[in-house]
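In: After the sequence you'll find the predicted model.
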Number of protein chains: 6
Amino acid sequence: MKKVVTFGEILLRLSTERHLRFSQAESYKATYGGGEFNVAVSLANYGLSAEFITRLPNNELGTCALKEMRKLNVGCQNVVFGGDRLGIYFLETGASTRASNVIYDRANSSMGTINKGTINWKEILKEATWFHWSGITPALSESAGAACFEAIKAAHELGITISTDLNYRSKLWQYGKQPKEVMPEMLQYSNLILGDIDTAYFMLGVDKVNPDYQNEASLPVLYDKLFDLCPALKTAVTTLRYSVSASHQRIGGVLYDGKTIFNADVKEVTPVVDRVGSGDAFMGGLIYGLCEEPLNKQRALNFAVAACCLKHTIAGDYNLITIEEIEKLLDGDFSGKVSR
Amino acid sequence: MKKVVTFGEILLRLSTERHLRFSQAESYKATYGGGEFNVAVSLANYGLSAEFITRLPNNELGTCALKEMRKLNVGCQNVVFGGDRLGIYFLETGASTRASNVIYDRANSSMGTINKGTINWKEILKEATWFHWSGITPALSESAGAACFEAIKAAHELGITISTDLNYRSKLWQYGKQPKEVMPEMLQYSNLILGDIDTAYFMLGVDKVNPDYQNEASLPVLYDKLFDLCPALKTAVTTLRYSVSASHQRIGGVLYDGKTIFNADVKEVTPVVDRVGSGDAFMGGLIYGLCEEPLNKQRALNFAVAACCLKHTIAGDYNLITIEEIEKLLDGDFSGKVSR
Amino acid sequence: MKKVVTFGEILLRLSTERHLRFSQAESYKATYGGGEFNVAVSLANYGLSAEFITRLPNNELGTCALKEMRKLNVGCQNVVFGGDRLGIYFLETGASTRASNVIYDRANSSMGTINKGTINWKEILKEATWFHWSGITPALSESAGAACFEAIKAAHELGITISTDLNYRSKLWQYGKQPKEVMPEMLQYSNLILGDIDTAYFMLGVDKVNPDYQNEASLPVLYDKLFDLCPALKTAVTTLRYSVSASHQRIGGVLYDGKTIFNADVKEVTPVVDRVGSGDAFMGGLIYGLCEEPLNKQRALNFAVAACCLKHTIAGDYNLITIEEIEKLLDGDFSGKVSR
Amino acid sequence: MKKVVTFGEILLRLSTERHLRFSQAESYKATYGGGEFNVAVSLANYGLSAEFITRLPNNELGTCALKEMRKLNVGCQNVVFGGDRLGIYFLETGASTRASNVIYDRANSSMGTINKGTINWKEILKEATWFHWSGITPALSESAGAACFEAIKAAHELGITISTDLNYRSKLWQYGKQPKEVMPEMLQYSNLILGDIDTAYFMLGVDKVNPDYQNEASLPVLYDKLFDLCPALKTAVTTLRYSVSASHQRIGGVLYDGKTIFNADVKEVTPVVDRVGSGDAFMGGLIYGLCEEPLNKQRALNFAVAACCLKHTIAGDYNLITIEEIEKLLDGDFSGKVSR
Amino acid sequence: MKKVVTFGEILLRLSTERHLRFSQAESYKATYGGGEFNVAVSLANYGLSAEFITRLPNNELGTCALKEMRKLNVGCQNVVFGGDRLGIYFLETGASTRASNVIYDRANSSMGTINKGTINWKEILKEATWFHWSGITPALSESAGAACFEAIKAAHELGITISTDLNYRSKLWQYGKQPKEVMPEMLQYSNLILGDIDTAYFMLGVDKVNPDYQNEASLPVLYDKLFDLCPALKTAVTTLRYSVSASHQRIGGVLYDGKTIFNADVKEVTPVVDRVGSGDAFMGGLIYGLCEEPLNKQRALNFAVAACCLKHTIAGDYNLITIEEIEKLLDGDFSGKVSR
Amino acid sequence: MKKVVTFGEILLRLSTERHLRFSQAESYKATYGGGEFNVAVSLANYGLSAEFITRLPNNELGTCALKEMRKLNVGCQNVVFGGDRLGIYFLETGASTRASNVIYDRANSSMGTINKGTINWKEILKEATWFHWSGITPALSESAGAACFEAIKAAHELGITISTDLNYRSKLWQYGKQPKEVMPEMLQYSNLILGDIDTAYFMLGVDKVNPDYQNEASLPVLYDKLFDLCPALKTAVTTLRYSVSASHQRIGGVLYDGKTIFNADVKEVTPVVDRVGSGDAFMGGLIYGLCEEPLNKQRALNFAVAACCLKHTIAGDYNLITIEEIEKLLDGDFSGKVSR
């Protein structure tokens, strides 16, 4: 069986209910999530072997996060314990014209204070076929970035496929370095990059180009530049999101393999139950698709777009959609009829 | 006053909240519902005398169901007690592109194990003017089907109007018989049938015809065949549902009286609060309309469509809409302005 | 700093959750609101000094209302205590084709039984630059109307700007007088009136004219008549609401200053989280705009429309939107992207 | 079957949860209760025919109260509609050393504004064997007291047993009359009075005597005076409550039939789930006991004490305890073992 | 590491909140539990390797139960899927003088319809050092009893320690056999039996003896008889429960090893948060103690009593108490001081 | 009016409900509290002028804390904004034999990173008559301790009464200093110290003495040593807590003024609703008593004990008890009778 290892931070997510503002919240729903963990959950749900590596505090909240991994069948045998606290994020869910709002409270978390040398990557990755990381980890702290780079190099040495979600978060990157000082080196080893073209350019220290995703013909040149800057790159993917409002999204996607542009039909999502983690759901769907049928890129892209689309209907960070539900959507059944 | 008797199963409905998946549910909302019960609730709300006949277990859950009937002013003096358990269904409410999902846990329920001879139909129906049953009861078990047939024959002998909702449920019919082995005989006595034409054909053992409900002129021939197969049939009605998504429905309806096709304007419903029981709300509106003004079929159909439409805004199985609210909708007021 | 004083009733609002009907409610969310209080909250949120004058019962519920004012930074040092009870309103929130419903239970409230002479208006208003009242207070009782008229005259003598929201409520006005018997005298002093043209005509005892708000050219004549009837009037404003359904609104606005018609772009709101208080949010935005840049009427109107629009996404009576969020909307960003 | 009719007010009860203070309440649990209604519920639960007479407002809250009656199998066919509002009471549940607190908001309720002549008592009471009223009704308003007196006289004329719970509420009696001006006349017809001796003396305008309920021998003289003042009196009953704290009660009872003092063992209740309505549970148990075995006064008293005791474990106003549970307690089984 | 395997049914537990009666329940808390599963959870919490064997339906509810096992680190790799439904039990939690109440709805569950031959016991038990079963499994159905007997024999052949909790449930044993027809043969292989002496006598078909647990000297004779009847028996243990009320328990225990009576101090528990599963917590503590220090029976008994005692403070079926908390109690610290 | 200023940290408190363990929590109740803030709330409730000084992050959570202060009428005009985060603590509420558990997540909070020079103490304290601080602030960080010391010196220079709650928290003091290195200097200026004698000895670097609070005669010598070490000390107070269990406390108190030992009767609290903040409630009651009647130390002590006792019945950190409720308790009324 294919085994995918992801590396990153899992956070306690404290979200207000019923679209309440923070100042109206009398309680917070407590769930767990984080970009790379969310990807692992998707893969475990689809039946792949998925393992998540992180660092947790040695207290009850760390244990809660561990129980969540176990519950979701995500491998956690190599999670390390140490540091002072579990990272937290507070989420206020918007609606209609009002955007959702995130307050990060993750500074000095156990994962943010991880150092290289903490994880035995050689051992962990030896059974793996795929390694996934995202731009969030180097955004946490210099040492977390270094720990991630260590993993990347180990994966590269073992010849494992490496995927990266650029995941730019303007509220992170607070430790004194800019993405372009850190990311170019790390992205050298990525075989698959998910992100907007402009985000990639920004992280690689290149000028903005304002891509027109509607104009397919114009895209190869823009992607090719990424291929030039990232020598290991074989696949570049962009999620297309047309935000009508916080409650209404249109989701599509573009995949480029250095030769061909693949496109997926745009799908409507309204209302949006929870938008957070929809990019991770896309990534999870994409990795699954490429693991199952590596040569069928159109199928992988379609699967990723449908997974992303359906994620918007699931409360919480990670995607709890089944392969059957995704395939029903791919077959064109949007009716939402009660199954009974 | 007109008195309508309905016969069927009432279930404990355990539904997740806030569009949560089953695997996210930490609690279930507990309400009660069931096709034929829901029809009786509608009628009681509109001021008719409505009685519901079923079989309940002699435990606290059976008592809860009885209290629900009383609360809603549905006659329950002839409910019988016996058997082992109250049927249950678990409901996960979808949103947008994700469909709702039902898990039936109703096998071996008190109603599923009812036998003919249990209910004194002659006595119960003697004051009644209308008897309603649905395709769910014969789908439960052979003995429940037999008990239902007994009621039908009693109603027929007393000259009472008999209505039937075909209500095909693919997750039922588990006891070894197919609808076409059971339903044709039972439908002989129906004066009014609610259902898709193809469902009716399927239940009567006839080949699929893929009706085009937009093409009014094509419908009489298709309905006429039902009239041929069901000699007592005087009215055939179909709810038209155009499912844009789990959260967006368009509702219309067609009524045929053997001569004329009546059509109701399609109405938009978005967002959908709860779709379950909307067919029963249609049936309840239709029976009410036909009881109040038997000759005004257009009015009855319009009333049924509006009731169905408004039901989608009510949480739970049954319709709690007032006549005034339906009439406001029929008068074209969709504004949803706060009444104050 | 500009100081705005508003006068009216604050109510305990008991609302059902999740679109439940009253008959389904097992609990009520308890919040506080009321037209003139809501305006004060908006202004306090925008950083103005806002004070609210009312009369509260001397019991724990009165204290709860007072705590709410304090929490929201609305001045409450001149609130008076007396009378028997806090007014209540019950709210059932509709959805889609079903309208929301309000049951007022505010008769004989402490505010409803206030008499003139209770409030020392000279003292309270001496630092104020703006006084706001609405048509709800004279709708409560004759004595509340008299107390309000007393405030109006005091404000007028002090040369303070007086604004009025017509706020017609058909379920009030139960004490034997019609608006046209009370309002014309009170509106003599209003410098700004917010309301539909026909509502204003009705309250001033003039015949209905069915204004066509799409036809801008036709409006000055209609507004001019209001200017004739209300000699102090300098600005007349109307919120335009196109109700697609209880869950979908289109919001615009018109402002007339006796010379020019100003118009604001219509904005979509779907889904609606809570429609109550959206008019007060409009009023709060308008007063804020006119206080900040008195000559920029277009800006004030745009601000009011955006505030009203965003209020629909906030649960509860009053608007908890920031200036930054309003300006983001005015800048055309409807994307609702998660801020992180 | 014995039929008991009770007359009084049913209130919407809005209670805070989890021992929260009013100022902490973000929501209120909505249930329904009221002394005489609670007695009717107990009787219906024990299988007697119980009917409740009251006056409800013609709005959704009145309908909710009616649905509650139906649900609990309390006869409501003679409830009248009229007046402006449903009475409300707010409840804050204490714990340990902190007492519970009630805010009545029932002035001008539909029941409080009832007049004599509204109810057709002759018709209603003709099938009844027992009529129950309490000191709350004459405490509401002069007209409610008059309506109650009318019922009493009708019951007396029909020779029906009349029971009265003195139920003194210091926060009521606000309309200008003292109990001693109203109650003596009404108590002339009572065959059974439940209350403290001093409360009875107070209501009958007699001086306080500080009864020592531990000293059985001293009681007949004190009760005899009540028998002298109330010529129809045959049974006087007192609930003994030793309040250790808001969470810990000791419950006993004394019954005197003019000859013999009957005593019931004191029972411990800790913790108290809900103390409200425990007196009504006592009354309900007593009436049931005396209806079932009129001559077995000891049994009736024991049943009443056990019912009262168990009521403290039930949330809400009325008692939902079964005869079997009461008998288990009477048999000395306090173990609270899980029944499985 | 020691590995313990337990075999039995896991149920969906639907419990009312806040001591509500079934008829008051608007929602049910959904958790999972079952005697033998609860034991496995305790052991996993204490750090042993614990595996649970059961049969689950192949639907979302079965998956939920599986996720619960994973979350709690209970081995579930050998759980089998099949059959129609997950067993359910409804729980109403009593208080004070009112007992809790259970409604079992587990007939025809996947586990109840298991047959022998379904589980590969040889393979599963080959790494195990301990096998645990209880009297609930043979109470479900004849085939479940046969499947359990098969496991017992396999464990016996492999020389694994076998423990049994007698767990008599009067509401089970509905399939036509009495315990004494089934249990004696199964108990032949038990090395450790937990249960009341009289329950053991009853299950073994021997007359009741009314043991006096306070009289230690009298116990060996009574236990010896069990040793005679169960040739493999080495340890007999009884939990002593003195039920002051549903909210107040006193917990002790007795262990007999064929030679010596060991006794544990009685501990007070008040209030009781949740009594269900406290026997399983005792069993879990006992197995843990005997696995860790097989010869220190006093320590194992003390540990079991403390674990049982602390379980009463945990909501849900299984015990989430840490070894540190148990040891704190064993050290005599009952203060409940906040740890901070 | 007396004005009291307190200085310290306000935390977001995230507590599990219904005695759930952290690992069972699906949501957290969000309230706000902190030792010195809690004292200010008590004083504001009793009608004194109370102001709280702290440092808050400039985000929505900081604003929430500010709104809480305003709501409770605690002066917050001099709160400063800065730093990165609001401190958090997670609370799991125990029951019976299980202790409550706190996880502090307050490192690097805005208050923990405050520096001296941030607050203009001269200005703030010039109207004050009392300044209160606790041992928590110097436990947070060296700079917070320095900021506190600065305040102490300013208060001392202004001749204001200084009170200190020793409040030892073993989970704090993580920055490398021990209490005895920091506290002796700070306590030089305290006029009133609240704490256990041994805690005071420990903080002052003196050996443990195991005081016997039952033996009044032995106490003066022990307290006198504190007076020797703290030259400004005039009053030493100790809360006596006899913990029967997490749910049952016995509360008393001792006050020594250098001459006389005052003692308060021990009061029972069972069940405990919330124990956190009960020491702050004691402190608040004591300051209030001493402000109102400086010479009546017995009264102040009694008031403090009763306030502490009643706090245990209030959910959340701070005390919402009225003077009337405290006086009722002091008058010996523990009955908890419903006030109605």
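Out: Alright, I've got the coordinates.
In: hey, which helix is longest across chain A?
Out: helix A:142-158 (DSSP state H).
In: where's the helix or strand that comes right after that helix relative to the chain centroid, distance-wise?
Out: Counting by DSSP states H and E, the element after helix A:142-158 in chain order, helix or strand, is strand A:161-165. Mean-position distance between strand A:161-165 and its chain equals 10 Å (CA atoms, centre = their mean, to the nearest Å).
In: Check stretch A:264-284 too.
Out: Using CA atoms, centre = their mean, the offset of stretch A:264-284 from its chain centre is 12 Å.
In: Then stretch A:185-192?
Out: 16 Å.
In: For the residue in chain A that chain E sits nearest to, grab phi and psi.
Out: Going by CB to the nearest CB, chain E is nearest to residue A:71 of chain A, at 3.6 Å. (C-beta placed from N, C-alpha, C; glycine too.) Torsion angles at residue A:71 (phi, psi; degrees, to the nearest 10) stand at phi -50, psi -40.
In: quick one: contacts for it?
Out: Neighbour list for residue A:71: E:67, E:68, E:70, E:71 [criterion: CB atoms under 8 Å, 6 or more residues apart in numbering or on different chains].
In: Give me the nearest residue to it, chain neighbours excluded.
Out: residue E:71 (3.6 Å; CB to CB, 6 or more residues apart in numbering or on different chains).
In: So that neighbour versus residue F:24, what's the distance?
Out: Distance, residue E:71 to residue F:24, by CB to CB, to the nearest Å: 11 Å.
In: Ok, residue A:25 next?
Out: 21 Å.
In: now residue A:259
Out: Relative to residue F:24, and taking CB to CB, residue A:259 is found at 53 Å.
In: Would you mind telling me which of the two has the busier surroundings?
Out: residue F:24 (18 against 6; other CB atoms under 10 Å in any protein chain shown).
In: Please verify my assumption that that one contacts residue E:320.
Out: Yes. Counting by CB atoms under 8 Å, residue F:24 does reach residue E:320; the two are 7.0 Å apart.
In: Next, the residue found closest to residue A:187 once you drop the neighbours it is linked to in the chain: phi, psi?
Out: Of all residues not flanking residue A:187 in the chain, residue A:230 sits nearest, at 4.9 Å (CB to CB, 6+ apart). Note on residue A:230: its backbone torsions stand at phi -120, psi 90 [degrees, to the nearest 10].
In: List the residues that contact residue A:230.
Out: A:187, A:188, A:190, A:193, A:204.
In: and those, which of them are in helices?
Out: residue A:187.
In: Of the contacts of residue A:230, which is the nearest to chain D?
Out: For the contacts of residue A:230, the nearest to chain D is residue A:193 (46.2 Å; CB to the nearest CB).
In: Return the nearest residue of chain A with respect to chain B.
Out: residue A:336 (2.5 Å).
In: Just to check, that residue is in contact with residue B:247?
Out: Yes. Using CB under 8 Å, residue A:336 makes contact with residue B:247 at a distance of 6.9 Å.
In: Settle it for me: which of these two has more neighbours?
Out: The residue with more neighbours, out of residue A:336 and residue B:247, is residue B:247; 28 against 23, by other CB under 10 Å.
In: Residue B:97 versus the more buried one, what's the distance?
Out: In terms of CB to CB, residue B:247 sits 9 Å off from residue B:97.
In: Then residue A:198?
Out: Distance of residue A:198 to residue B:97, given as CB to CB: 28 Å.
In: Same check on residue A:58?
Out: 41 Å.
In: likewise residue A:111?
Out: Residue A:111 is 33 Å from residue B:97, by CB to CB.
In: check contacts around the most centrally placed residue in chain A.
Out: Note on chain A: the residue nearest the mean C-alpha position is residue A:280, at 3.3 Å, using CA atoms, centre = their mean. Applying CB under 8 Å, 6+ apart to residue A:280 gives the contacts A:35, A:36, A:38, A:39, A:42, A:165, A:311, A:317, A:318, A:319.
In: Report how many residues lie close to the nearest residue to residue A:60 once chain neighbours are set aside.
Out: Nearest residue to residue A:60, sequence neighbours excluded (CB to CB, 6+ apart): residue F:22, at 4.1 Å. Residues near residue F:22, counting by other CB under 10 Å, number 20.
In: quick one, what contacts residue F:22?
Out: Contacts of residue F:22 (CB under 8 Å, 6+ apart): A:60, A:61, A:63, A:64, F:16, F:90, F:92, F:101, F:103.
In: ok, now with 7 Å
Out: By CB atoms under 7 Å, 6 or more residues apart in numbering or on different chains, residue F:22 lies in contact with A:60, A:61, A:64, F:16, F:90, F:92.
In: Looking at these, which are in helices?
Out: Using DSSP H, the contacts of residue F:22 in helices are A:60, A:61, A:64.
In: For those, pick the one with the most neighbours.
Out: In the ones in helices among the contacts of residue F:22, the most neighbours by other CB under 10 Å go to residue A:61, 24 neighbours.
In: Could you pull up phi and psi at the nearest residue to it once chain neighbours are set aside?
Out: Counting by CB to CB, 6+ apart, residue A:61 lies nearest to residue A:86, which is 4.4 Å off, once chain neighbours are set aside. Backbone torsions of residue A:86, given as degrees, to the nearest 10, read phi -90, psi 130.
In: burial count for residue A:86?
Out: Applying other CB under 10 Å, I find that residue A:86 has 26 neighbouring residues.
In: Excluding sequence neighbours, find me the nearest residue to residue A:163.
Out: residue A:192 (4.0 Å).
In: Correction: the previous question concerned residue A:251.
Out: Using CB to CB, 6+ apart and skipping residues adjacent in sequence, the residue nearest residue A:251 is residue A:309, 4.8 Å away.
In: host element of that neighbour?
Out: Assigned by DSSP H and E, residue A:309 falls in helix A:297-311.
In: Check which helices and strands that helix is in contact with.
Out: Using 3 or more CB pairs under 7 Å, 6 or more residues apart in numbering or on different chains; DSSP states H and E, the elements in contact with helix A:297-311 are strand A:248-256, strand A:261-269, helix A:278-292, helix A:323-330.
In: distance between the third one and the chain's centre?
Out: Counting by CA atoms, centre = their mean, helix A:278-292 is centred 9 Å from the centre of its parent chain.
In: what is the orientation angle of that helix with strand A:261-269?
Out: 130 degrees (axes from the mean of the first three to the mean of the last three CA atoms, to 10 degrees).
In: Render the CA-only coordinates of helix A:278-292 in CSV, please.
Out: What follows is helix A:278-292, C-alpha atoms only, in CSV (Å, rounded to 0.1, in the frame of the first residue of the first chain):
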residue,chain,number,x,y,z
SER,A,278,-10.7,23.3,1.6
GLY,A,279,-7.3,23.7,0.1
ASP,A,280,-6.0,20.8,2.1
ALA,A,281,-9.0,18.8,0.9
PHE,A,282,-7.9,19.7,-2.7
MET,A,283,-4.3,18.6,-1.9
GLY,A,284,-5.6,15.3,-0.3
GLY,A,285,-7.7,14.6,-3.3
LEU,A,286,-4.9,15.3,-5.7
ILE,A,287,-2.3,13.1,-3.9
TYR,A,288,-4.9,10.3,-3.7
GLY,A,289,-5.6,10.6,-7.4
LEU,A,290,-2.0,10.7,-8.4
CYS,A,291,-1.2,7.7,-6.1
GLU,A,292,-4.0,5.6,-7.5
